[in-house]
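Chemist: Pasting the sequence and the predicted coordinates here, then a few questions.
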Amino acid sequence: MTIEKIIEGFLHFRQHVRPSLAPLFSRLADGQSPGVLLFACSDSRVVPNRIASSDPGDVFEVRTVGNLVAPATATGLSVGDLSEAAAVEYAVGVLGVRDVIVMGHSRCGAMKAALGSADALATAPNLASWLSHAAPARGKLRDVVFDPGLSDVDRLSQANVLAQLDHVATYPAVTSAVSRGELDLHGAWLDVATGDLYLHDAALRSFVLLDELEGKRRLDAFAAARADGG
Ligand SMILES: [Zn+2]
């Protein structure tokens with residue numbers, strides 16, 4: 001996509017989509033109250049709002065290379081980039097989102113780079129440094145039951161979702177909201193070749209395809225847990 005396509009796309013939106021969203025835009029003008037903080041990869045094939053059919057105001061979104069989140073030290077300060085930390089503090093501590101989702105995806109270039117040789121990143125020192133936050137993903141490989149057909153890159157990508165959820169959980173705003181039962185963390189994984197979404201199931205230690213049956217099972221489980229005050 002070039003700037004020309006962006007302009008053409010906006011003109012289409014302006015004419016055909018914006019009118020139906022006008023009441024929502026107007027209602028949101030004075031403030032937002034999103035339910036979800038989403039960390040997703042910057043990859044252009046990952047389109048969270050498109051696949052979730054979500055609206056303006058629904059998702060507080062952070063896109064980073066490899067959907068990485070620099071963890072916090074014991075004092076709660078980020079060891080790396082402050083932008084994810086600031087998003088966590090604002091979305092969880094101020095906006096009071098109910099769920100945090102880390103969404104990985106198939107054929108992720110960051111995961112390929114993390115698996116490759118350091119030489120390939122010699123001319124990209126910032127990227128090489130950033131990818132150090134993916135290092136704990138290797139340790140998570142043993143915690144996931146993988147689909148046998150999954151490539152090494154995709155296995156690392158799924159393990160990386162769990163590693164980044166661990167990083168999210170290092171922030172005091174997160175630990176305190178989770179301990180109060182006011183916040184849940186979720187792992188998701190998008191297959192960019194098919195548009196299928198998988199949700200991590202802690203009991204199965206696996207990413208499970210979100211089809212109609214699984215979707216209903218998940219929605220019923222969340223409804224029951226939330227009715228219990230969980
Ligand atoms: Zn990616």
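Modeler: Cool, got the structure. Residues are numbered from 1 along each chain as shown.

Chemist: can we go C-alpha only for contacts and neighbour counts from here?
Modeler: Fine.

Chemist: Domain parsing of the protein, as residue ranges.
Modeler: 1-31, 33-227 (automatic domain parsing).

Chemist: what would the ones you listed look like in CSV with mean neighbour count?
Modeler: Listed next are those as CSV, based on neighbours: other C-alpha atoms under 10 Å:
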stretch, mean neighbour count
domain 1-31, 11
domain 33-227, 18
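
Chemist: Who are the contact partners of the residue in the chain positioned nearest to the ion?
Modeler: Across the chain, the shortest distance to the ion (C-alpha to the ion) belongs to residue 108, at 3.7 Å. By C-alpha atoms under 8 Å, 6 or more residues apart in numbering, residue 108 lies in contact with 43, 66, 153-154, 157.

Chemist: how far does stretch 159-179 sit from the chain's center?
Modeler: 12 Å (C-alpha atoms, centre = their mean, to the nearest Å).

Chemist: measure that stretch end to end?
Modeler: Chord length of stretch 159-179, first to last residue, is 24 Å (C-alpha to C-alpha, to the nearest Å).

Chemist: Now do it: everything it contacts.
Modeler: So stretch 159-179 is contacted by 67-74, 76-77, 85, 88-89, 92-93, 102-104, 134, 136-138, 140-141, 143-144, 183-189 (C-alpha under 8 Å, 6+ apart).

Chemist: from the residues you listed, which ones fall inside helices?
Modeler: 85, 88, 136-138, 140 (DSSP state H).

Chemist: Redo those as a markdown table? Include distance to residue 38 and pLDDT.
Modeler: Formatted as a markdown table, the ones in helices among the contacts of stretch 159-179 follow (distance: C-alpha to C-alpha, whole Å; pLDDT from 0 to 100):
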| residue | distance to residue 38 | pLDDT |
| --- | --- | --- |
| 85 | 13 | 95 |
| 88 | 10 | 97 |
| 136 | 20 | 97 |
| 137 | 19 | 98 |
| 138 | 22 | 97 |
| 140 | 21 | 98 |
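
Chemist: what's the most distant pair in those?
Modeler: Using C-alpha to C-alpha, the ones in helices among the contacts of stretch 159-179 span at most 24.2 Å, a distance reached by 88 and 138.

Chemist: List of residues touching stretch 30-48?
Modeler: Against stretch 30-48 from outside (C-alpha under 8 Å, 6+ apart): 57-69, 88, 91-92, 95-105, 108, 190, 192.

Chemist: can we see that at 6 Å?
Modeler: 57-67, 97-103 (C-alpha atoms under 6 Å, 6 or more residues apart in numbering).

Chemist: what about it, how long is it end to end?
Modeler: End residues of stretch 30-48 are separated by 24 Å (C-alpha to C-alpha).

Chemist: Contacting the ion as well, which ones from the contacts of residue 108?
Modeler: When contact is defined as C-alpha under 5 Å from the ion, the contacts of residue 108 meet the ion at 43, 66.

Chemist: can I get the contacts of residue 108 in CSV with distance to residue 201, secondary structure and pLDDT?
Modeler: Listed next are the contacts of residue 108 as CSV, based on distance: C-alpha to C-alpha, whole Å; DSSP: H, G, I helix; E, B strand; the rest coil; pLDDT from 0 to 100:
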residue, distance to residue 201, secondary structure, pLDDT
43, 24, coil, 98
66, 21, helix, 98
153, 20, helix, 97
154, 17, helix, 98
157, 16, helix, 98
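
Chemist: Quick check: the gap between residue 37 and residue 178.
Modeler: 14 Å.

Chemist: I meant to write residue 119 there.
Modeler: Remark: distance between residue 119 and residue 178 (C-alpha to C-alpha) = 40 Å.
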